[in-house]
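Trainee: I'll drop the sequence and a predicted model, then ask my questions.
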Amino acid sequence: QQQVKQSPQSLIVQKGGISIINCAYENTAFDYFPWYQQFPGKGPALLIAIRPDVSEKKEGRFTISFNKSAKQFSLHIMDSQPGDSATYFCAASKNNAGNMLTFGGGTRLMVKP
Amino acid sequence: DAGITQSPRYKITETGRQVTLMCHQTWSHSYMFWYRQDLGHGLRLIYYSAAADITDKGEVPDGYVVSRSKTENFPLTLESATRSQTSVYFCASSELAARTGETQYFGPGTRLLVL
């Protein structure tokens, strides 16, 4: 049973456009929601993260929107660039779970020049 | 400053053979993790370790064995490799934190093919 569902599986966006990736979770005990970015041949790296006490967090062109009542969160990439082409994973963890993360299935983003 | 390294980077083996994937981190992080990455499944946790000599199962532990005699090393062994274990394996580490959510730092991965 997948506790974190991510969509879409793949996404193509024109340069300068907005990329939006969505995740939904089931376990209300989750209290930390990071996004990881992975380039081909590399390991994932933390991009941005949010806790449920805020509804939005912005870092540069990357924004997480969080809807606690709907148990959904999303990543928005503004002014998408070809260098943003990568696979993005949402994840979630719960308190007292030993730093364990539950990952979504991933979204492969391609930004066309 | 090597960070977190994995070896080998690529491995081809045959069904039934034992394979050990190595992971080494230089940060003295308390937590270490092994994930496998398969298309459509994202990253699934195999085993994790909170400290030396403390290990626990993750989501998909069957067919794998881990040990952690030293803080910096966390080897993963496939005792009798099967084709279904063909995957990309990632090791990660994170600091001990009072709250959840400390960043996990991933290695470059080991691509394993079981024939």
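Mentor: Good, I have the coordinates.

Trainee: residues touching residue 52, list them.
Mentor: Chain wasn't specified; assuming chain A. Residues near A:Pro52 by Cβ atoms under 8 Å, 6 or more residues apart in numbering or on different chains: A:Asp31, A:Phe33, A:Phe66, A:Lys68. Backbone N, C-alpha and C define where each C-beta goes, glycine included.

Trainee: um, chain B though
Mentor: Counted by Cβ under 8 Å, 6+ apart, B:Ala52 has contacts B:Arg68, B:Ser69, B:Lys70, B:Thr71.

Trainee: From B:Gln6, how far off is it?
Mentor: Using Cβ to Cβ, to the nearest Å, B:Ala52 is found at 19 Å from B:Gln6.

Trainee: Return the closest of the contacts of A:Pro52 with respect to A:Gly106.
Mentor: A:Phe33 (15.3 Å; Cβ to Cβ).

Trainee: just the strands in the chain please.
Mentor: I'll assume chain A. A:4-7, A:10-14, A:19-25, A:30-38, A:45-50, A:56-59, A:62-67, A:72-77, A:86-94, A:102-103, A:107-112 (DSSP state E).

Trainee: wrong one, I was asking about chain B
Mentor: Assigned by DSSP E, the strands in chain B fall at B:4-7, B:10-13, B:19-25, B:31-38, B:42-51, B:54-57, B:64-66, B:76-78, B:87-94, B:105-106, B:110-114.

Trainee: Mind listing residues that contact the third one?
Mentor: Under the criterion Cβ under 8 Å, 6+ apart, residues B:2-8, B:11, B:13, B:32, B:34, B:72-78, B:81, B:89, B:91, B:93, B:105, B:107, B:110, B:112 lie in contact with strand B:19-25.

Trainee: coming back round to it: reformat the strands of chain B as JSON lines; add mean pLDDT.
Mentor: Below are the strands of chain B laid out as JSON lines (pLDDT from 0 to 100):
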{"stretch": "strand B:4-7", "mean pLDDT": "96"}
{"stretch": "strand B:10-13", "mean pLDDT": "97"}
{"stretch": "strand B:19-25", "mean pLDDT": "97"}
{"stretch": "strand B:31-38", "mean pLDDT": "95"}
{"stretch": "strand B:42-51", "mean pLDDT": "92"}
{"stretch": "strand B:54-57", "mean pLDDT": "93"}
{"stretch": "strand B:64-66", "mean pLDDT": "97"}
{"stretch": "strand B:76-78", "mean pLDDT": "98"}
{"stretch": "strand B:87-94", "mean pLDDT": "96"}
{"stretch": "strand B:105-106", "mean pLDDT": "94"}
{"stretch": "strand B:110-114", "mean pLDDT": "97"}
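
Trainee: Of the ones you listed, which is nearest A:Val54?
Mentor: A:Val54 lies closest to strand B:87-94 among these, at 22.1 Å (Cβ to Cβ).

Trainee: Test my guess that A:Ser80 contacts A:Lys15.
Mentor: Yes: A:Ser80 is within contact range of A:Lys15, at 6.5 Å (criterion: Cβ atoms under 8 Å).

Trainee: which one of these two has more residues nearby?
Mentor: More crowded of A:Ser80 and A:Lys15, by other Cβ atoms under 10 Å in any protein chain shown: A:Ser80, with 23 against 13.

Trainee: quick one, what contacts the more buried one?
Mentor: Contacts of A:Ser80 by Cβ under 8 Å, 6+ apart are A:Val13, A:Gln14, A:Lys15, A:Gly16, A:Gly17, A:Ile18, A:Ser19, A:Arg61, A:Leu109, A:Val111.

Trainee: Would you mind giving the strands of chain B as CSV with mean neighbour count and distance to A:Val54 added?
Mentor: Putting the strands of chain B into CSV (neighbours: other Cβ atoms under 10 Å in any protein chain shown; distance: least, Cβ to Cβ, whole Å) gives the following:
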stretch, mean neighbour count, distance to A:Val54
strand B:4-7, 18, 30
strand B:10-13, 14, 42
strand B:19-25, 20, 31
strand B:31-38, 24, 25
strand B:42-51, 21, 25
strand B:54-57, 14, 31
strand B:64-66, 18, 36
strand B:76-78, 18, 37
strand B:87-94, 24, 22
strand B:105-106, 22, 24
strand B:110-114, 18, 37
